[in-house]
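Enquirer: Next comes the sequence, and after it the predicted model I'd like to discuss.
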Amino acid sequence: MAAPIIQFEDVEIDLAKFEVRRQGRRIRLEKQPFDLLVLLLRNPGDLVARKEIAESLWAPDVFVETDRSINNAIRKIRLALKDDPEHPRFIETVAGRGYRFIATVSLSTGSQPKSISEQVVFGDGHGTLATNDRAVPATTASDPVTATETKRLPAVRAVKWLVLVPAAFLVVVGVIWELRQKSDQRKERTERGEVSYTQITNFTDSAVSPALSSDGRMVAFYRSDSGFRTPDQIWVKWLPQGEPVQLTNDHTLKYGLAFSPDGSRIAYTTLNAKTSEWKTFTVSALGGASTLLLSNAAGLTWLDQHRVLFSEVESGVHMGVVTATENRSEYRKLYFPLHERMMAHYSYASPDQQWALVVEMDPTWQRCRLISLQSSSESRQVGPQGPCTSAAWSPDGRWMYFGAEVDGAHHLWRERFPEGQLEQITFGPTEEEGLAMAPDGGSLITSIGLHESAIWMHDKQGDRALSSEGYVLPRSAKFSSDGKLLYYVMRHDSSASSSELWRRDLESGKTEGILPGISVLAFDVSNDGKEVVFSTQPPGKASQLWLAPLDGSSPPKQLSATGEGAPHFGPDGEIFFQFSDGKANYIGRISKDGSGRSMLLPDPVLAVLGISPDRRWLITDSAAAIMATPVRDGSPRPICVGWCSAAWAPDGKFFYIGLPPNSGLPRAKTLAIPVPPGETLPGLPSSGIRGPEDGKAIPGTRLLDGWFIAPGPDPSTFAYVKTTMHRNLYRIPVP
């Protein structure tokens, strides 16, 4: 018989295709949430305990934090089904015990037309179904029966029969679900190579960025939720059973860890947020004061007892890979990215020291790159098609290993050197960050865990979460001009999901997606709240600019497709954006109809970061300082020395400058500085803000906790993205 289709309300679960559909439209749902939904459907009306869910979804030798993973899966199901956890129509939570499927369920054995693909849905919830021949209107539950539905009438009769025999329904669903589970478990065991993980650290917070000594007896790491530019501390642990020991106690921004060949020292990079200086320090593996090894040096590793491989800044932020001795003699350039905005932060030499794997950003992480240590002209991208944040070599040099994000999930991969097949080596709902290869090549150490991010609001009543589902992208929140709406970018799932634009009405509490199915990189909302301009990047293509009405009255309109980004509405019906000529970034402008493209300013910038409410000042990054740059006449004005975040209140009455750690404060803070009437900028020091004392000297300035906040109507109201991270170090056998 044909594989059944489970139905409830306007939702169908196709067990043959493992698809969820609403009114014929496919709804994206990952494997674990899909399997959990089917498990609940096998037991309609009955409580399914959390223990049963864990035992059903994961094999006993698979590492996973089941409670958090189950919560994530339930959240994704509810998001896909648009089920309110406070007033559920489908899934009821039994606090502390499990879940119950409460809707009426039926079954059919019909099949969908093979020519139907995913529906393109606009903001009003309507769209078209694309077929092989033509576009036909999408139907709703109230539409009259169509020819397509007529073909499904036998399925309707089957539903009526099966409703009378619920036991048959459960048997059919159960058999198919069990067969799929067994097939998936066999696939997972093959993919994992029957690996079992050995836990190395057991912190209640996080351990990240592992580095191993050459004999494999010590592991160094950061006790932090991030190993890149973190103000947190370096720790070391003797393997296998030693107690973790803290080595540093300062708030400088740090990243990168590497043991010296004899294991006596650990090198790490620091960044001075005021001066943008990169330095490499070493600290004894036994503890003690840190010592400066090299200035203008980052991501350092040793080639032998005297020679080192590291990155340095040539000009601005242009960072490339060089080699030298510890006193910088025998200096030689190896690789500098073509674009002056790119930064090669890490490099890992092959065992024969003929090649190196490079981790670089522009300004986000790129694919890893293979460079020659003998010829400065030879390089190419390697590894998976996604942002690469760590790399390593097998001791025999036959394999290249990568930590990379693909389809929104960060896992470990390997590729046979020099041009072998790419293989994924870790899977599942958890994610892996960092790579440290054991000396014998039989295992590696990585940081494994989960993270969640939600949008939070701070006001006079305190702090509260505005979102409880999905993954909100950091730095994406923006208030509307009147302060009544909050916009942000959110991924529904941990992988294979679009970063979609969402909107929260702060008065009614209503939350809605604005451009369903469209992955948004950056966006700006017009002052009248009627339009949004956004950038997106289809797989394998350059980034694009689009313009869309916020009421969904018409589909988005493409303005350009040659690598544009950071869009902002200008003062006179134009749109500003960032683009590159291959070596540097510039600011361009274009009309709303896509015509009249031209360069706004002749001087290059590193990045466009924001715009004033009157649309006459852009915030730009110039490497040495964050600048306020006029879009018409006038001279740029420094906002801060080095790096900071900057934004205006929606009404322009306050200007916010976020100060990172290592700027005179142990933790990040934000200055809320009043703007004089009739002005756009406050009276900042001529060289810009250097630290909190400069801001406090301006009358009326307030000091707020955190940075990269989204300013609200006044300094007591702002939004921010709160990320919860829990990671520990594990040893994984190499397949």
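Expert: Ah, there it is.

Enquirer: By average pLDDT, which secondary structure element in the protein comes out worst?
Expert: In the chain, the helix or strand scored least confidently by mean pLDDT, DSSP states H and E is strand 119-121, which has a mean of 29.

Enquirer: which residues does the closest residue to residue 478 other than its chain neighbours bridge with?
Expert: Using CB to CB, 6 or more residues apart in numbering and skipping the chain neighbours, the partner closest in space to residue 478 is residue 487 (5.0 Å). For every residue, glycine as well, the C-beta is placed using N, CA and C. Following DSSP bridges, residue 487 is listed with bridge partners residue 478, residue 503.

Enquirer: In contact with residue 487, which residues?
Expert: Residues counted as contacts of residue 487 (CB atoms under 8 Å, 6 or more residues apart in numbering) are 477-480, 501-504, 514, 523, 525.

Enquirer: Buried ones among these?
Expert: Those of the contacts of residue 487 that meet the buried threshold are 477-480, 501-504, 514, 523, 525, by 16 or more other CB atoms under 10 Å.

Enquirer: May I have the phi/psi pair for the nearest residue to residue 19 once chain neighbours are set aside?
Expert: Spatial nearest neighbour of residue 19, excluding adjacent residues (CB to CB, 6+ apart): residue 26 at 5.8 Å. Dihedral angles of residue 26 (phi, psi; degrees, to the nearest 10) stand at phi -70, psi 130.

Enquirer: I'd like to know how many residues surround residue 26.
Expert: When neighbours are defined as other CB atoms under 10 Å, residue 26 has 16 of them.

Enquirer: next one: residue 716
Expert: 13.

Enquirer: nearest to residue 717, of the buried ones among the contacts of residue 487?
Expert: Nearest to residue 717 among those is residue 479, at 8.8 Å by CB to CB.

Enquirer: Tell me who's in contact with the closest one.
Expert: With contacts taken as CB under 8 Å, 6+ apart, residue 479 has the following neighbours: 485-487, 650, 710-713, 719.

Enquirer: again, only this time at 7 Å
Expert: Contacts for residue 479 (CB atoms under 7 Å, 6 or more residues apart in numbering) come out as 486, 650, 710-712.

Enquirer: got a markdown table for those residues, with secondary structure and neighbour count too?
Expert: Conversion of these to a markdown table gives the following (DSSP: H, G, I helix; E, B strand; the rest coil; neighbours: other CB atoms under 10 Å):
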| residue | secondary structure | neighbour count |
| --- | --- | --- |
| 486 | strand | 22 |
| 650 | coil | 22 |
| 710 | strand | 22 |
| 711 | strand | 25 |
| 712 | coil | 21 |
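
Enquirer: Which two among those are spaced furthest apart?
Expert: Farthest apart among the contacts of residue 479 by CB to CB are 486 and 711. That separation is 11.3 Å.

Enquirer: A strand includes residue 381, no?
Expert: Yes: membership of residue 381 in a strand is supported by DSSP: H, G, I helix; E, B strand; the rest coil.

Enquirer: what's around it, how many residues?
Expert: Using other CB under 10 Å, residue 381 has 13 neighbouring residues.

Enquirer: Distance check, it against residue 402.
Expert: As judged by CB to CB, to the nearest Å, residue 381 and residue 402 stand 11 Å apart.

Enquirer: Likewise for residue 454?
Expert: Taken as CB to CB, the span from residue 454 to residue 402 is 29 Å.

Enquirer: neighbour-wise, which of those two wins?
Expert: Just comparing residue 454 and residue 402: by other CB under 10 Å the higher neighbour count belongs to residue 402, 26 against 19.

Enquirer: list the contacts for the closest residue to that one other than its chain neighbours?
Expert: Using CB to CB, 6+ apart and skipping residues adjacent in sequence, the residue nearest residue 402 is residue 383, 4.0 Å away. Residues in contact with residue 383, defined by CB under 7 Å, 6+ apart, are 367-368, 400, 402, 404, 413, 415.

Enquirer: Now with 8 Å, please.
Expert: Applying CB under 8 Å, 6+ apart, we find residue 383 in contact with 367-368, 391, 400, 402, 404, 413, 415, 422.

Enquirer: Show me the two of those residues that sit farthest apart.
Expert: Among the contacts of residue 383, the pair separated by the greatest distance (CB to CB) is 391 and 422, at 13.3 Å.

Enquirer: more neighbours, those two?
Expert: Neighbours per residue (other CB under 10 Å) separate residue 391 from residue 422, with residue 391 holding more: 25 against 14.

Enquirer: what bits of the protein have low per-residue confidence?
Expert: Low-confidence segments of the chain (pLDDT under 70): 1-3, 59-65, 109-195, 468-469, 492-497, 662-666.

Enquirer: Give the buried residues for stretch 471-491.
Expert: Within stretch 471-491, the residues that qualify as buried are 471-473, 475-480, 483, 485-491, counting by 16+ other CB under 10 Å.

Enquirer: wait, stretch 578-589
Expert: In stretch 578-589, counting by 16+ other CB under 10 Å, buried: 578-580, 585-589.

Enquirer: For stretch 283-293, what is the distance to the chain centroid?
Expert: The chain centre lies 33 Å from the centre of stretch 283-293; the measure is CA atoms, centre = their mean, to the nearest Å.

Enquirer: Kindly report the same for stretch 203-212.
Expert: The answer for stretch 203-212 is 19 Å, by CA atoms, centre = their mean.

Enquirer: same thing with stretch 390-403?
Expert: On CA atoms, centre = their mean, the centre of stretch 390-403 falls 24 Å from that of its chain.

Enquirer: what about that stretch, how long is it end to end?
Expert: 5 Å (CA to CA, to the nearest Å).

Enquirer: Surely residue 294 is in contact with residue 279?
Expert: Yes: proximity of residue 294 to residue 279 meets the contact threshold set by CB atoms under 8 Å, at 7.1 Å.

Enquirer: Just confirm residue 37 is within a helix.
Expert: Yes: the assignment for residue 37, made by three-state DSSP, places it in a helix.

Enquirer: helix or strand for residue 67, which one?
Expert: Under the criterion of DSSP states H and E, residue 67 resides in helix 66-81.

Enquirer: Now do the buried residues in that helix.
Expert: If you call a residue buried by 16+ other CB under 10 Å, then helix 66-81 has these buried ones: 66, 68-81.

Enquirer: With stretch 19-38 instead?
Expert: Using 16+ other CB under 10 Å as the burial criterion, the residues of stretch 19-38 that qualify are 19-22, 24-38.

Enquirer: Strands - which of these land there?
Expert: 19-22, 25-27 (DSSP state E).

Enquirer: now, among these, which is nearest to residue 441?
Expert: When those are compared for distance to residue 441 (CB to CB), residue 19 comes out closest, at 41.5 Å.

Enquirer: partners of the closest one in the sheet?
Expert: The partner residues for residue 19, given DSSP bridges, come to residue 14.

Enquirer: Tell me the buried residues in stretch 401-415?
Expert: 401-406, 408-415.

Enquirer: Can you give me the end-to-end span of it?
Expert: End-to-end distance of stretch 401-415 (CA to CA): 7 Å.

Enquirer: Strands of the stretch 301-450 of the chain, residue ranges please.
Expert: Secondary structure of the stretch 301-450 of the chain by DSSP state E, counting those that start in this stretch: the strands cover 307-315, 318-325, 332-335, 343-349, 355-361, 368-372, 379-382, 388-393, 399-406, 409-416, 422-424, 431-437, 443-459.

Enquirer: For residue 97, find the nearest of these.
Expert: strand 443-459 (22.1 Å).

Enquirer: give the contact list for residue 440.
Expert: Residue 440 makes contacts with 216, 395, as judged by CB under 8 Å, 6+ apart.

Enquirer: Let's see that with 7 Å instead.
Expert: Going by CB under 7 Å, 6+ apart, residue 440 touches residue 395.
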